[in-house]
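1. Fold the following and give me the result.
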Amino acid sequence: MISKKEFFLDYIKNSFLSKATILLAVIFSFGFYVSQLGLYGSHWNWVIYPDDISPMYGLSRWITIGLIQLIGANVIFYHLLNFALLFVTAFLVDLCLKQFRIDPSFSLAVSLLFIVFPAFTQIGGAFSLTILLLGMIFTLFSILFYQRFFQQKHWIWFFCGGIFSLVSAVISTETAVFVGLSSFVIFLCNAKNDLISKIKTIGMGFFQFISVLILTGFLAIEKNDLTFQSLISSLKIIIDTMFLSWRKIISYPSNVSSALIYVLVIGLAIIVLFLLLKTCERKRNASFLEDERYLIIALLSFSCGAIYIVLLRFFSIPVSIDYPFNAPSIVMGIFASLFILSLIRFIFIKEYQLFLMALLIGLSGGTRLQTMDRLIRENNRVMSFLGQMQVRGDTISEKTAVLVEQLPFEYTSRESIEALLRRYMGNNEAAQTFHIIPSDDTVVREFLGDSDKKTVEIDIKHTKFLLDKDNIVAIWWKPNDCLKVLDRSGQYDELPEGLNLALKYSKPELIRVKYMSDVLQLNRYRTTIEPNLCFSTQLIQRFAENSQWKDILSEYSNSKDEFSKNFDFNVVKAVLMAMIEEEKFDEAVHLTLENSQNQDQKSSLCVIWKNAISIKSTNMEVISKANLAKQQVGCQ
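-> Okay, the predicted model is just below:
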């Protein structure tokens, strides 16, 4: 009888080549980027306000809360944990396949394709990804234990498999369905003796499958919504995942130089992968499955994938190949990888099989690199937004409604941005009461367009609060531009409809500056704010709040040429006020003429002249010079 120690050593003693290749694949597709990733979806909101975590299936909520309490806002540790878990999961996939007479080259190819499965884009999913990977690891261990049970007929392995299956079933709905299906398939594949034994074995697998489904139904948060329409939708998702998701691998960077580098890197990766798979291929022998049997694997994988999606829909889990409903795609990655690679193994002659596998994995890896680039740029945009707001002011006044149009965030929710702003700018308890409100919301637009209404109660994502026209500040942030705090007296080109309605109520003074002595500390945001000019843009407006005219002119002079190419009313207003206050009238005239591109802009600048001169009402000599300069620019 084999000892438990020998069993454990037997399973971890896989080929060095497979383990090294899997580790390198995880490093190149994920590990290199962990320090540049952020939190996405509503994760920042959950980290900052753990009480906002909604009810979740089984152990999911407890795992999430535990991770948040343990790691907190140290984002890199979430991704380092997932890096390790992804490696273990891929290694176990490779190990499990080898238990079924699958040759090493095929099992390695499936593991590598699973790592870079193109339909899965939530690789930066932090604790959401942790939950799925933990559940998958327990499922894969249960497969190993069950297979050991069928090989040696020792019930200890059966009970170990059952315990690991149970843990996987209570971690998340996605892994519960996965472990139920996997267990049934394992028992089905091992039903090889006489008819009675086959019925008994298949019956045990079916019993476990049904038991898992009953347990899942008991723990599910929402009732099932399986209808004919959802079945049709499931069919579309199956086709998208198994077939159409591979279209994503035919993509490359839009920049020509980046595209050339991309092609060279992916080409080199494909060659290396081919050689690695070829090395494993030399180990094939008669004990491995015949190529014809891979058709059965393909059909079984497709069937399991289809059943998996239908069952998820039954338990009200939204499934799609598009963000944010593609989290289950990481599980589907195993079924889809088995399906597509089995077809390659069955359809193509031996000479082409490994190259096609390497080609598919290499192109999928390229898609993953592009996904990581998008996630990194998303995190940079979030940090730039927060940096610009922090430089612009220290806090936001009580019960302020920050109206925005569509912020340029693809993966980060409004709740997370709101929570981050409160964290960055919530220097007092009152500042915790402000809200970020989408100005394109129908109720908000109707309210802004109704001059008779002063307040309205609105409901944004199940959060109700009172919107008051006296407490509105509107911000506008176009891609590749600086964040603008809209000023009622300002001139802005092509404002979105919602912000155009909000403009007449926007009060920039609601973003307050409290600590002017801390300006030097703001220099740390120079490296996070993009484009670079935006740091000076926000700093100039910060100086204007405290009438620091010399500081404004000093900061403006450092980037004068860049500012002249990019009209920003808020900057021009602050600099013009500073020039008039410092009695630099010739420069003020030049600045006014340079930025009077149309009559509306000129009229707005003339108002600034008028207001600035009125402040100097006690100095008649200066007033005379200022009025003369004002007439030179055509202001009455």
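
2. where exactly do the helices run in the stretch 151-300 of the chain?
-> Using DSSP state H, counting those that start in this stretch, the helices of the stretch 151-300 of the chain run over residues 155-171, 173-189, 195-219, 228-242, 256-281, 294-314.

3. Need the residues that contact the shortest one.
-> Applying CB atoms under 8 Å, 6 or more residues apart in numbering, the set of residues contacting helix 228-242 from outside is 119, 302, 305-306, 309-310, 313, 319-321, 329, 332, 335-336, 339-340. To be clear about C-beta, it is placed using only N, CA and C from the backbone, and glycine gets the same treatment.

4. of those residues, closest to E582?
-> Taking CB to CB as the measure, E582 lies nearest S320 of those, at 58.2 Å.

5. Am I right that that closest one is in a strand?
-> No: applying DSSP: H, G, I helix; E, B strand; the rest coil, one finds S320 to be coil, outside a strand.

6. Need the phi and psi values for it.
-> The phi and psi torsions at S320 (degrees, to the nearest 10) take the values phi -160, psi 160.

7. What separation is there between it and I261?
-> Using CB to CB, to the nearest Å, S320 is found at 32 Å from I261.

8. Quick check on those two: which one has the bigger neighbour count.
-> Between S320 and I261, counted using other CB atoms under 10 Å, S320 has the larger neighbour count: 17 against 12.

9. My guess is V88 contacts I137. True?
-> Yes: when contacts are counted by CB atoms under 8 Å, V88 is listed as touching I137 (5.8 Å).

10. how many other residues sit next to V263?
-> V263: 13 surrounding residues under other CB under 10 Å.

11. now do the one 10 residues further on
-> A total of 24 residues lie near L273 under the criterion other CB under 10 Å.

12. Do I have it right that it meets L108?
-> No: at 9.5 Å, L273 and L108 do not qualify as touching, with contact defined as CB under 8 Å.

13. phi, psi of D441?
-> Here the main-chain torsion angles of D441 (degrees, to the nearest 10) amount to phi -60, psi 140.

14. Now do the same for it: its pLDDT.
-> D441 is assigned a pLDDT of 82 by the prediction.

15. do the same with I309
-> I309 is assigned 87 on the pLDDT scale.

16. That one and S233: what is the separation?
-> Using CB to CB, I309 is found at 9 Å from S233.

17. what about these two, which has more around it?
-> More crowded of I309 and S233, by other CB under 10 Å: I309, with 26 against 16.

18. any idea how far A336 is from that one?
-> 11 Å.

19. same thing with V34?
-> V34 is 25 Å from A336, by CB to CB.

20. Out of the two, name the residue with the larger neighbour count.
-> A336 (27 against 19).

21. before we move on, which element is that one in?
-> helix 329-347 (DSSP states H and E).

22. what kind of secondary structure is I475 in?
-> strand.

23. Isn't Q388 up against V485?
-> No: judged on CB under 8 Å, Q388 makes no contact with V485 at a distance of 9.4 Å.

24. what's near enough to touch E509?
-> Counting by CB under 8 Å, 6+ apart, E509 has contacts E545.

25. So for it, what's the pLDDT?
-> 88.

26. again, but for F30
-> Reported pLDDT for F30: 93.

27. do the same with V26
-> 95.

28. give me the element the closest residue to it other than its chain neighbours is part of.
-> The shortest distance from V26 to any non-neighbouring residue, by CB to CB, 6 or more residues apart in numbering, is to F87 (4.6 Å). Using DSSP H and E, F87 falls within helix 75-98.

29. Who are the packing partners of that helix?
-> Applying 3 or more CB pairs under 8 Å, 6 or more residues apart in numbering; DSSP states H and E, one finds that helix 75-98 contacts helix 16-29, helix 60-71, helix 104-115, helix 126-152.

30. So which bits of the second one are buried?
-> Of all the residues in helix 60-71, those buried under the rule 16 or more other CB atoms under 10 Å are S60, I63, T64, I65, L67, I68, I71.

31. next one: the longest one
-> Buried positions in helix 126-152, judged by neighbour count with 16+ other CB under 10 Å: 126-150.

32. average pLDDT across that helix?
-> On average, helix 126-152 scores 93.

33. on that earlier part again, outside of the helix holding A336, which residues touch it?
-> Under CB under 8 Å, 6+ apart, the answer for helix 329-347 is 93, 106, 109-110, 113-114, 117, 119-122, 129, 132-133, 136, 174-175, 178, 241-242, 245-246, 291-292, 294-295, 297-298, 301-302, 304-305, 308-309, 321, 353, 356-357, 360.

34. what's the longest helix in this protein?
-> helix 350-392 (DSSP state H).

35. can you give me the angle that one makes with helix 75-98?
-> Interaxial angle, helix 350-392 versus helix 75-98 (axes from the mean of the first three to the mean of the last three CA atoms, to 10 degrees): 170 degrees.

36. avg pLDDT for the helix holding A336?
-> Regarding helix 329-347, the rounded mean pLDDT is 91.

37. how far out from the middle of the chain is it?
-> For helix 329-347, the separation from the chain centroid amounts to 25 Å (computed by CA atoms, centre = their mean, to the nearest Å).

38. The contacts of helix 228-242: which two are farthest apart?
-> R313 and I340 (22.7 Å).

39. Show me which of these two is the more surrounded one.
-> Neighbours were counted for R313 and for I340 using other CB under 10 Å; I340 has more, 23 against 20.

40. ok, now how distant is the more buried one from A298?
-> The gap separating I340 from A298 is 8 Å, by CB to CB.

41. just L407 next, same as before
-> From L407 to A298 the distance is 44 Å (CB to CB).

42. same check, this time on E292
-> 11 Å.

43. repeat for K584
-> On the measure of CB to CB, K584 and A298 end up 77 Å apart.

44. surely F355 meets L275?
-> No: checked against CB under 8 Å, the pair F355 and L275 is beyond contact range at 10.6 Å.

45. more neighbours, those two?
-> Set side by side, F355 and L275 show more neighbours around F355, with 17 against 11, by other CB under 10 Å.

46. Skipping its backbone neighbours, what lies nearest that one in space?
-> Using CB to CB, 6+ apart, the closest residue to F355 is F274 (5.6 Å).

47. For the nearest residue to G38 once chain neighbours are set aside, give me the pLDDT.
-> Leaving aside its chain neighbours, G38 sits nearest to N379 (3.4 Å; criterion: CB to CB, 6+ apart). For N379, the pLDDT comes out at 93.

48. One more: R374?
-> pLDDT, read off for R374, is 91.

49. hang on, the earlier thing: so who does the residue nearest to V26 touch?
-> I22, L23, V26.

50. got the residues you listed as a markdown table, with distance to L499 and neighbour count columns?
-> Listed next are the contacts of F87 as a markdown table, based on distance: CB to CB, whole Å; neighbours: other CB atoms under 10 Å:
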| residue | distance to L499 | neighbour count |
| --- | --- | --- |
| I22 | 49 | 24 |
| L23 | 49 | 14 |
| V26 | 43 | 24 |
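
51. of all the contacts of helix 228-242, which comes closest to L628?
-> Set against L628, the nearest of the contacts of helix 228-242 by CB to CB is S320 (66.2 Å).

52. Looks like that closest one contacts N326 (just checking).
-> Yes: here S320 reaches N326: they are 5.6 Å apart, a contact under CB under 8 Å.

53. Where does pLDDT dip in the stretch 201-350 of the chain?
-> Where the stretch 201-350 of the chain drops to pLDDT under 70, the residues are 222-231, 282-289, 291, 324.

54. Give me the neighbour count for the nearest residue in space to K278 that is not next to it in sequence.
-> Excluding its sequence neighbours, the residue lying closest to K278 (CB to CB, 6+ apart) is L354, at 5.8 Å. Number of residues near L354 (other CB under 10 Å) recorded here: 23.

55. who are the neighbours in contact with L354?
-> L354 makes contact with S105, F274, L277, K278, E281 under the criterion CB under 8 Å, 6+ apart.
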